[in-house]
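Enquirer: Next one to model:
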Amino acid sequence: MRCRRTLSSLLAAALAAAVLAGVAPQARAQSVGNAEHAAVETEQQVGAAAGLVDDAIAERSEIETELAASMVRLNELAEQLSSVSAGVARLQDQIGFADAELLGIKADIETQAVEAYMTALSVPGVTFVNSDDVEAAMVAGLFVGDVIATGQENVDQLIVKRRDLEVLVASFLADQESVAQLKAEVDEETEDLARLYEEADADVAEAIREANRSAAEYREALSAVDSAQAREAEQERQDEREPPTTTTPDTPDETSPSTTATVPVTTTTDGGGGGNTNFPTAVERWRDEVSRFFPSSRVNEALAIIQCESLGDAAAYNPYSGASGLFQFLPSTWAATAPKAGFEGSEPFDAVANIGTAAWLGNRYEDLGQGFWKPWSCRRVLN
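Expert: Now for the predicted structure:
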């Protein structure tokens, strides 16, 4: 096929590029710039793969059009061949009828000649055998000759008719052979087109698979960009983090494994965390929302957990675990808990939904006797 070799070579080149690019995003994901550069490269591969899909589909469409036209021609030739064959059969039947009619006429001539001769002999006054009346014998002979001549005319006409039929049969047989040959050629053409269509269909499938692979690599590259940006943002938060401020000198600084944040916490002696605590502005801004969902004895504790988990950033995201939002919900935990807390369809980056779901989850664990803050590793900052 005219462009199959080119298409196959393009597919091979794209596949080779995809294989080379498959490890590149991971190796270059250490910085946002490198990750973005890798994303641009994979985006170009996606465009190239999409072009291959379009080319493969266009070629298949062209073959499909040719195949449809070939099938139409094949059906027309089949009908024509059937018509010619039926004409041959009809002519052959007519020749058979002519042969039968010819035999019948010949038999009739013989019968009529005998009857005419016998009739001539039976005419009064005519005696052919042992008769000296030559004239009467001649009359009888002429009478029989007329009968035979009339029958012969019919025979001659029928012979001409039969000859014409034979000529038509020969012509129809020639047409039949010609149509049959054309049909055989179209059959072969159709078979070739069907084979090419199967190959083109396979090319389309391979091009689509390659496009899917390129799209997957592009998504991975975009994820690498997001991860690099998240790491960079996290580093900036750590660099800009306020120094710890506490009201109790004996309160130790703790580090959360999810954000490596230094958490200042001061609690009252009632153990509920309900006393006044100085939190950074980014955390303190959520006090009113926390007070809506948590009992007053848990408000400062909740703010301390927020400080440990996300530094008060509602858009905080851990690229390694997928933990998101103020209380850093894992995707699986969020999916199972948020609907039960009344926030079905909400994102974990929705601060109100995140706080409300955290309050529901803490109450649930407390009802089970496992401790209000058990789901969070940052609970250690409350000790």
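
Enquirer: Pass me the low-pLDDT residue ranges in the chain, would you?
Expert: Low-confidence regions of the chain, defined by pLDDT under 70, span residues 1-30, 113, 115-144, 147, 226-227, 229-277.

Enquirer: Just the element for the residue nearest to the spatial centre of it, please.
Expert: With the centre of the chain defined as its mean C-alpha position, the nearest residue by C-alpha atoms, centre = their mean is residue 205, 8.1 Å away. Element membership for residue 205, per DSSP states H and E: helix 134-240.

Enquirer: Counting by contacts, list what the host helix or strand of residue 112 packs against.
Expert: Assigned by DSSP H and E, residue 112 falls within helix 32-121. Secondary-structure packing of helix 32-121 (3 or more C-beta pairs under 8 Å, 6 or more residues apart in numbering; DSSP states H and E): helix 4-28, helix 134-240. Glycine gets a C-beta too; all of them are placed from N, C-alpha and C.

Enquirer: which helices and strands does the last one pack with?
Expert: It refers to helix 134-240. Using 3+ C-beta pairs under 8 Å, 6+ apart as the contact criterion, the neighbours of helix 134-240 among helices and strands are helix 4-28, helix 32-121.

Enquirer: possible to save those helices as CSV with mean neighbour count?
Expert: Compiled in CSV, those are given as follows (neighbours: other C-beta atoms under 10 Å):
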stretch, mean neighbour count
helix 4-28, 15
helix 32-121, 16
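
Enquirer: Need the ones you listed in CSV (columns: distance to residue 340).
Expert: Written out in CSV, the entries for the helices and strands packed on helix 134-240 read as follows (distance: least, C-beta to C-beta, whole Å):
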stretch, distance to residue 340
helix 4-28, 37
helix 32-121, 37
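
Enquirer: ok, which stretches of the stretch 201-350 of the chain are helices?
Expert: Read by DSSP state H, counting those that start in this stretch, the stretch 201-350 of the chain holds these helices, from start to end of the chain: 281-284, 287-293, 299-310, 331-337.

Enquirer: Burial-wise, tell me which of the ones you listed comes out on top.
Expert: Taking mean count of other C-beta atoms under 10 Å as the contact definition, the stretch among those with the greatest mean neighbour count is helix 299-310, which reaches a mean of 27.

Enquirer: quick one: that helix to chain centroid distance?
Expert: Between the centre of helix 299-310 and the centre of its chain there are 50 Å (C-alpha atoms, centre = their mean, to the nearest Å).

Enquirer: can you check stretch 145-165 too?
Expert: The gap between the average C-alpha position of stretch 145-165 and the chain average comes to 73 Å, counting by C-alpha atoms, centre = their mean.

Enquirer: Show me the contact partners of that stretch.
Expert: For stretch 145-165, the surrounding residues in contact (C-beta atoms under 8 Å, 6 or more residues apart in numbering) are 91, 94-95, 98-99, 101-102, 105-106, 108-109, 112-113, 116.

Enquirer: how does this protein divide up, domain by domain?
Expert: Segmentation of the chain into domains, based on automatic domain parsing, reads 4-238, 254-382.

Enquirer: Would you mind listing the buried residues in stretch 212-228?
Expert: Across stretch 212-228, burial judged by 16 or more other C-beta atoms under 10 Å covers 213-215, 217-218, 220-222, 224-225, 227-228.

Enquirer: let me fix that: stretch 148-158
Expert: Within stretch 148-158, the residues scored as buried using 16+ other C-beta under 10 Å are 151, 154-155, 158.

Enquirer: could these go into a markdown table alongside distance to residue 330?
Expert: Shown next, in a markdown table, are those (distance: C-beta to C-beta, whole Å):
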| residue | distance to residue 330 |
| --- | --- |
| 151 | 113 |
| 154 | 108 |
| 155 | 108 |
| 158 | 103 |
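
Enquirer: so what does the one helix or strand residue 354 maps to touch, helix or strand wise?
Expert: According to DSSP H and E, residue 354 maps onto helix 351-367. Of the remaining helices and strands, those touching helix 351-367 by 3+ C-beta pairs under 8 Å, 6+ apart are helix 287-293, helix 299-310, helix 331-337.

Enquirer: can you pull the buried residues of that helix?
Expert: Across helix 351-367, burial judged by 16+ other C-beta under 10 Å covers 351, 353-364.

Enquirer: Just name the closest of those residues to residue 198, please.
Expert: residue 353 (53.1 Å; C-beta to C-beta).

Enquirer: Right, I'll leave it there.
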